[in-house]
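Engineer: Sequence and predicted model, in that order:
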Amino acid sequence: MKNSKGKVYLVGGGPGDCNLMTVRSQKLLSQAEVLIYDALIDIPQLALIPVTCQKIEVGKRGGKPSTQQQEINRLLVEHCQLGKQVVRLKSGDPFIFGRSSSEIQALIIAGCEFEVVPGISSAFAAPLLAGIPLTDPVMSRCFAVMSAHEPDALEWEALVRIETLVILMGGRNLSEIVWQLQKHGRSPETAIAIIRDCGRPEQQIWIGTLSDIVQQTTGESLSPCVIVIGEVVRLREFLIWPESTNMSHTPVTANHSQPLAGKTILVTRAASQSGQFSDRLQQLGARAIEMPALVIGAPSSWEPLDSAIGQMSSFHWLILTSHNAVDWFFQRLQAKGKDARSLFGIKIAVVGKKTAESLRSHSLQPDFIPPNFVADSLVENFPDNLQNCKILFPRVESGGREVLVKEFTAKGAQVIEVPAYQSCCPETIDPIALAALQNQAVDIITFASSKTVHNFCHLLETTPEFSLSQDWLEKVCIASIGPETSKSCQNLLGKLDVEATEYTLDGLTEAIVQWATKHQLRLSALEGT
């Protein structure tokens, strides 16, 4: 994004949840030098901004004082001409009720370079997040989106003939909207939904009809909200998770089955391995930011592994202690023109459920999985006599299982260690993760191996632009997948808050949920005193 001259990016921030922003939008935010933003932009989105970025709020919240559009135009031009990289962050999409035309015209007249970056409009996101489809083969073959900021300017006679209506900026004019629709022929029993604060932890939904929705919401502040009118609203009952079903005329929050709502979690796994874990955290309501602390690749030489593969029939056992070991071993087996038949007569031991799943993906069942899902329990519980037992141990090139090999050897086994892959520390910190850490917007940091802890600390120490207060870790929960990783957390970070009981990612997720639930109860108790 860094250029010799200034540039303005008109960026769509989406409905509010950082997880619903585009990748490009997040990247531009993490590199902005000047941010000019609307009042509807969420604090988590602002946490993506570098600490050195100049932040200018320009209002644009209904019913409250806002910066004049002419002044916003002036600010954009001024900072661009100073050579700054300017992000004009708008809620939703810049071209949907975003007043972008005036800003673009001002930039063109001033000769300022600009780019428009799309976002997800709340007109589409709010119904979806509420479980309401805007189209249906029977109930809604089309829909219309409109602003009700000035309801008298709308063609109500035409609008009532459209099956589904989506209305933005209509909270303060709800009574007028309901009256106009019924006046022009819409049935009082027409279904209506009001979705306030869509995509945020405090999201609320009211479900009713044109005849009762005004009474339901009397005394409620509805802004910002999206109003959906039409029979598709009734489909919500069949399209949301059963635990969240609530068709009564009371607000429905979006936090059902989302115990991690409002939490920002830093995931430090390798980029190629973090996706499923991050997705699971996000399903539970968290905002997951990936900060890869490992780079997985081929070993510096294939010769030791190739030699072992050429002598497979001489081994009694194959030990695989991670899904990386499984993937890279079988990748090399295939590269040498062999497949699983080469392992005939050889027993296979794996550590952990995920490693076992990886092995099964190659149509093989493990012969032994040690309890506790840790490699160091292999020897203690090994099912065969180890005297004169020849074991092939493909592992990470840097080693790290010295105790395991030493104990196997002490019991008479011959262990052939060969590098199957290597894991290195990335050269830089992901800019979004860096901004979140610097803005103290991270609630939980997860570590799934000792190496990720070491690399995380190394990245912090060797990043020139990284600076934190000495007490930055006090309010951050450090979550570890197991005992060895926990030791590294204690040694290098000086603290540990959560350790998984079951040493898997599922176990780590469960432990984080338990911590978050207890943490929220403590906060609630403090607020009540």
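Structural biologist: On my side now, so go ahead.

Engineer: Poorly predicted segments of the stretch 201-350 of the chain, please.
Structural biologist: 201, 241-257, 271-274 (pLDDT under 70).

Engineer: Pull the contacting residues for the nearest residue to residue 497 once chain neighbours are set aside.
Structural biologist: Spatial nearest neighbour of residue 497, chain neighbours left out: residue 477 (4.4 Å); criterion: Cβ to Cβ, 6 or more residues apart in numbering. Where C-beta positions appear, they are placed from N, C-alpha and C, glycine not excepted. By Cβ atoms under 8 Å, 6 or more residues apart in numbering, residue 477 lies in contact with 443, 444, 445, 497, 498, 512, 515, 519.

Engineer: what about the fifth one, how many neighbours?
Structural biologist: By the criterion of other Cβ atoms under 10 Å, residue 498 has 20 neighbours.

Engineer: which residues does it bridge with?
Structural biologist: For residue 498, the beta-bridge partners are residue 479 (DSSP bridges).

Engineer: how near is it to residue 447?
Structural biologist: Residue 498 sits 10 Å away from residue 447, going by Cβ to Cβ, to the nearest Å.

Engineer: just the fourth one next, same as before
Structural biologist: Relative to residue 447, residue 497 is positioned 11 Å away (criterion: Cβ to Cβ).

Engineer: And the residue nearest the centre of the chain, its phi and psi?
Structural biologist: Centroid-nearest residue in the chain, with Cα atoms, centre = their mean: residue 288, separated by 3.3 Å. Residue 288 adopts backbone torsions of phi -100, psi 130, taken as degrees, to the nearest 10.

Engineer: just to revisit the earlier point, between residue 497 and residue 447, which contacts overlap?
Structural biologist: By Cβ under 8 Å, 6+ apart, the residues touching both residue 497 and residue 447 are 478, 479.

Engineer: just for this structure, where's the confidence low?
Structural biologist: The low-confidence ranges in the chain, as defined by pLDDT under 70, are 1-4, 40-45, 60-65, 201, 241-257, 271-274, 372-376, 400, 464-467, 524-529.

Engineer: Of all the helix elements in it, which one is longest?
Structural biologist: Criterion DSSP state H: the longest helix present in the chain is helix 505-528.

Engineer: returning to that earlier point: mind listing the shared neighbours of residue 498 and residue 447?
Structural biologist: Common neighbours of residue 498 and residue 447 (Cβ under 8 Å, 6+ apart) are 478, 479, 480.

Engineer: Which among these count as buried?
Structural biologist: Buried by 16 or more other Cβ atoms under 10 Å: 478, 479, 480, out of those.

Engineer: So which residues of the stretch 51-200 of the chain form helices?
Structural biologist: 69-81, 100-110, 122-129, 156-159, 174-183 (DSSP state H, counting those that start in this stretch).

Engineer: among those, which is nearest residue 425?
Structural biologist: Minimum separation from residue 425 across the helices of the stretch 51-200 of the chain (Cβ to Cβ) falls at helix 69-81, 36.4 Å.

Engineer: returning to that earlier point: let's have the helices of the stretch 51-200 of the chain in TSV, adding distance to residue 219.
Structural biologist: Shown next, in TSV, are those (distance: least, Cβ to Cβ, whole Å):
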stretch	distance to residue 219
helix 69-81	33
helix 100-110	35
helix 122-129	22
helix 156-159	27
helix 174-183	12
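
Engineer: winner for burial among those?
Structural biologist: With neighbours taken as mean count of other Cβ atoms under 10 Å, the helices of the stretch 51-200 of the chain reach their highest mean count in helix 122-129, at a mean of 23.

Engineer: What is that one packed up against?
Structural biologist: Contacts defined by 3 or more Cβ pairs under 8 Å, 6 or more residues apart in numbering; DSSP states H and E place helix 122-129 against strand 164-168, strand 191-196, strand 225-229.

Engineer: Go through the contacts of residue 477 and name the one nearest residue 380.
Structural biologist: residue 498 (26.3 Å).

Engineer: distance of that closest one from residue 478?
Structural biologist: 7 Å.

Engineer: what's the overlap in contacts for the two?
Structural biologist: In contact with both residue 498 and residue 478: residue 444, using Cβ under 8 Å, 6+ apart.

Engineer: For stretch 178-198, buried residues please.
Structural biologist: Of the residues in stretch 178-198, those buried (16+ other Cβ under 10 Å) are 178, 180-181, 186, 190-198.

Engineer: Find the pair from those residues with maximum spatial separation.
Structural biologist: Spanning the widest gap among the buried residues of stretch 178-198 are 186 and 197, at 26.5 Å by Cβ to Cβ.

Engineer: picking up where we left off before, looking at residue 497 and residue 447, which is more packed in?
Structural biologist: When residue 497 and residue 447 are compared for neighbours, residue 447 comes out ahead with 29 against 17, by other Cβ under 10 Å.

Engineer: The more buried one bridge partners, please.
Structural biologist: residue 480.

Engineer: wait, doesn't it sit right on residue 488?
Structural biologist: Yes. Proximity of residue 447 to residue 488 meets the contact threshold set by Cβ atoms under 8 Å, at 7.5 Å.

Engineer: after the host helix or strand of residue 24, next one along is what?
Structural biologist: Secondary structure assignment for residue 24, by DSSP states H and E: helix 23-30. Scanning forward in sequence from helix 23-30 by DSSP H and E, the next helix or strand is strand 34-37.

Engineer: Give me the contacts around that next one.
Structural biologist: 13, 29, 46, 49, 53-58, 72, 75-76, 79, 84-90.

Engineer: That one: which residues count as buried?
Structural biologist: Buried residues in strand 34-37, defined by neighbour count with 16+ other Cβ under 10 Å: 34, 35, 36, 37.

Engineer: From residue 56, how far off is the second one?
Structural biologist: It refers to residue 35. 7 Å.

Engineer: do the same with the first one
Structural biologist: As defined by Cβ to Cβ, residue 34 lies at a distance of 7 Å from residue 56.

Engineer: cool, and residue 311?
Structural biologist: For residue 311 relative to residue 56 (Cβ to Cβ), the value is 68 Å.

Engineer: and those two? which has more neighbours close in?
Structural biologist: Per other Cβ under 10 Å, whichever of residue 311 and residue 56 has more neighbours is residue 56, with 15 against 11.

Engineer: dump the residue contacts of that one.
Structural biologist: Neighbouring residues of residue 56 by Cβ under 8 Å, 6+ apart: 34, 35, 36, 37, 75.

Engineer: Give me the nearest residue to residue 445, chain neighbours excluded.
Structural biologist: Excluding the flanking residues, the one nearest residue 445 by Cβ to Cβ, 6+ apart is residue 266, at 4.5 Å.

Engineer: Could you pull up phi and psi at that neighbour?
Structural biologist: Torsion angles, degrees, to the nearest 10, at residue 266: phi -90, psi 120.

Engineer: how deep is it tucked in, by neighbour count?
Structural biologist: 23.

Engineer: Run through the bridge partners of it.
Structural biologist: Residues in beta-bridge contact with residue 266 (DSSP bridges): residue 289, residue 445.

Engineer: What are the boundaries of the helices in the stretch 351-500 of the chain?
Structural biologist: So, for the stretch 351-500 of the chain - with DSSP H, counting those that start in this stretch - the helices run 353-360, 402-410, 431-438, 450-462, 483-493.
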